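# What follows is a predicted protein model with its sequence.
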Amino acid sequence: MTDKNQEIKVKMTDADIRRNIISSSLLMVTSALGPAFLTQTATFTEQFGSNFSFAILFSLVLALGAQINVWRVLTVADMYAQDFANQVFKGLGYVLSFFIFLGGLAFNIGNVSGAGLGLNAIFGLDVKWGATITALIAIVLFLSKNGTKLVDRLINLLAIILLLASLYVAFVSDVPFGEVAVKTFVPDDLGDLFFPMITLVGGTVGGYITFSGAHRLIDHRIVGKENLKFTSSSAIAAIVGSGIMRYLLFFVFLGVVTAGYTLDPTNPAVSAFQHVLGRSGEIIFGIILFAAALSSVIGCAYTSASFIRTFHPWLDRNNNLVIVSFITVSTLVFLFVGQPVKLLILAGSLNGLILPLSLGSILAGAHNKKMVGDYKHPKWMT
């Protein structure tokens with residue numbers, strides 16, 4: 001394994017490494033910022049106001065610890081999470097893959113429906129047609145000859161759109177920053193924030209999201225001890241990026257709630273943008289939602305498929321077919337069953353509960369020389 005990695009490393013330029021690191025970080029960021037995230041943030045901001053800032057900070061701290069541990073251990077071992085877990089305890093990898101693949105499928109149903117809502121807000125297009133168009137875009141990307149490069153470029157573009165649009169709306173919102181600064185560290189009632197904290201952790205690093213960047217680094221051969229500094233910086237950048245986006249959108253919703261408006265329970269996120277900017281706000285929200293949803297469809301399908309590709313040579317050879325099937329099934333469930341609104345929030349909570357299993361399996365093997373060689377994982381990280 002070492003000789004192979006060294007050979008590939010010689011062929012990979014610094015620019016290639018930087019590009020893959022940025023793409024891996026953005027893949028994790030955009031995977032975490034899907035329709036479920038927007039729905040959760042709007043709903044919890046209306047319920048808890050400035051106190052919700054503490055839940056965001058708490059989730060980011062836990063997310064940072066989870067990401068650094070997972071990314072470092074897996075890239076040093078040069079193994080996907082399911083293979084690593086199977087070496088920790090026989091059969092554990094299959095259990096982990098089952099829960100993550102199933103959770104990813106549930107999330108992706110919300111992702112395609114969210115993309116449909118985004119196109120509906122922009123163009124007035126029927127939501128089901130919008131979801132179908134989104135699925136076709138994602139499928140064409142994965143089936144195209146230069147699919148990997150196109151996916152990277154699209155994710156980079158979508159991340160920029162998300163940042164600029166959210167920054168603008170947050171800027172024009174009337175946010176009580178002084179109150180937020182206090183409640184971020186001293187909330188009124190910590191007990192009430194338990195459910196939103198678990199939900200946010202699940203939405204930031206729960207389920208497949210924890211491994212999206214790490215699996216991509218492995219695919220692009222950013223592995224081994226010699227690349228640890230790149231791996232760590234990529235994990236940190238991913239959490240910082242998702243943190244900035246979480247707070248920007250939190251500010252948008254908080255400004256609306258503080259002004260005395262009530263969010264529409266059927267679509268709390270879009271109603272906040274409408275209150276701030278009217279029809280223009282609805283269009284901006286549509287752009288944000290479509291960008292977040294499409295990037296999440298790509299990240300969710302890519303990472304969920306990676307959790308089963310090592311179980312059989314056919315799955316590995318036909319990984320793109322698995323990804324396309326994953327997107328197709330998600331879309332068909334939405335088209336024939338409808339949008340599972342409550343599932344978006346519940347899925348985040350369940351993903352948070354899966355985290356002890358996924359992170360625990362990684363930490364259990366982090367100090368096993370048979371799995372990580374002569375690498376010594378810092379005990380303080382564990």
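All right, it came through fine.

# Can you show me the helices along the stretch 1-150 of the chain?
2-11, 14-32, 35-48, 52-77, 81-88, 92-123, 127-143, 147-172 (DSSP state H, counting those that start in this stretch).

# Excluding its own residues, what touches the shortest one? List them.
Outside helix 81-88, the residues that touch it by C-beta atoms under 8 Å, 6 or more residues apart in numbering are 70, 73-74, 77, 79, 92-97, 210-211, 214-215, 307-308, 310-311, 358, 361-362, 364-365, 368, 370-371. Every residue, glycine included, has its C-beta placed from N, CA and C.

# about what we covered before: quick one: closest of the helices of the stretch 1-150 of the chain to Val329.
Judged by C-beta to C-beta, the one of those that comes nearest to Val329 is helix 92-123, at 6.9 Å.

# Tell me how far the helix or strand where His275 lies lies from the chain's centre.
For His275, the element it lies in under DSSP states H and E is helix 268-277. For helix 268-277, the distance from its own C-alpha centre to the chain's C-alpha centre is 23 Å (C-alpha atoms, centre = their mean, to the nearest Å).

# Just list what the next helix-or-strand element following it packs against, helices and strands only.
The C-terminal neighbour of helix 268-277 among helices and strands, as given by DSSP H and E, is helix 279-306. For helix 279-306, the packing partners by 3 or more C-beta pairs under 8 Å, 6 or more residues apart in numbering; DSSP states H and E come out as helix 14-32, helix 35-48, helix 92-123, helix 127-143, helix 147-172, helix 209-219, helix 268-277, helix 319-337.

# what angle do the third one and helix 81-88 make?
Right, helix 92-123. Interaxial angle, helix 92-123 versus helix 81-88 (axes from the mean of the first three to the mean of the last three C-alpha atoms, to 10 degrees): 160 degrees.

# Can you tell me which helices and strands helix 92-123 packs against?
helix 35-48, helix 81-88, helix 127-143, helix 279-306, helix 319-337, helix 341-365.

# same for the first one, what does it pack against?
Counting contacts by 3+ C-beta pairs under 8 Å, 6+ apart, helix 35-48 packs against helix 52-77, helix 92-123, helix 194-205, helix 228-258, helix 268-277, helix 279-306, helix 341-365.

# about what we covered before: please name whichever of the helices and strands packed on helix 92-123 is nearest to Ala165.
Of all the helices and strands packed on helix 92-123, the one in closest proximity to Ala165, counting by C-beta to C-beta, is helix 279-306 (4.9 Å).

# buried set for the closest one?
By 16 or more other C-beta atoms under 10 Å, the buried positions in helix 279-306 come out as 281-306.

# Spit out the contact partners of Gly281.
If you count contacts by C-beta under 8 Å, 6+ apart, Gly281 has them with Val169, Phe273, Gln274, His275.

# same thing with Val257?
Applying C-beta under 8 Å, 6+ apart as the definition, the contact partners of Val257 turn out to be Thr45, Glu46, Gly49, Leu263, Ala272.

# I'd say the last one and Ala42 touch.
What that stands for is Ala272. Yes: in terms of C-beta atoms under 8 Å, Ala272 counts as a neighbour of Ala42; the distance is 6.0 Å.

# hey, what's in contact with both of these two?
Residues touching both Ala272 and Ala42 (C-beta under 8 Å, 6+ apart): Phe253, Leu263.

# circling back: quick one: which of the contacts of Gly281 is most hemmed in?
Each of those was scored for neighbours by other C-beta atoms under 10 Å, and Phe273 scores highest at 27 neighbours.

# what's Lys183 in contact with, if anything?
Contacts of Lys183 (C-beta under 8 Å, 6+ apart): Gly49, Ser50, Asn51, Ser53, Phe54.

# ok, now how distant is the nearest residue to Ser144 once chain neighbours are set aside from Phe48?
Nearest non-adjacent residue to Ser144, counting by C-beta to C-beta, 6 or more residues apart in numbering: Leu150, 6.0 Å away. According to C-beta to C-beta, to the nearest Å, Leu150 stands 40 Å off from Phe48.

# the more surrounded of the two?
Neighbours were tallied for Leu150 and for Phe48 using other C-beta under 10 Å; the higher tally belongs to Phe48 (21 against 14).

# Surely the more buried one is in contact with Phe195?
No: look at Phe48 against Phe195 with C-beta under 8 Å: they stay out of range, at 10.1 Å.

# Tell me who's in contact with the closest residue to Pro35 other than its chain neighbours.
Taking C-beta to C-beta, 6+ apart, and ignoring the residues beside it in sequence, Pro35 has Gly114 as its nearest neighbour in space, at 2.7 Å. Gly114 sits next to Gly34, Pro35, Ala36, Leu38, Leu289, Ala292, Ala293, Ser296 when contact means C-beta under 8 Å, 6+ apart.
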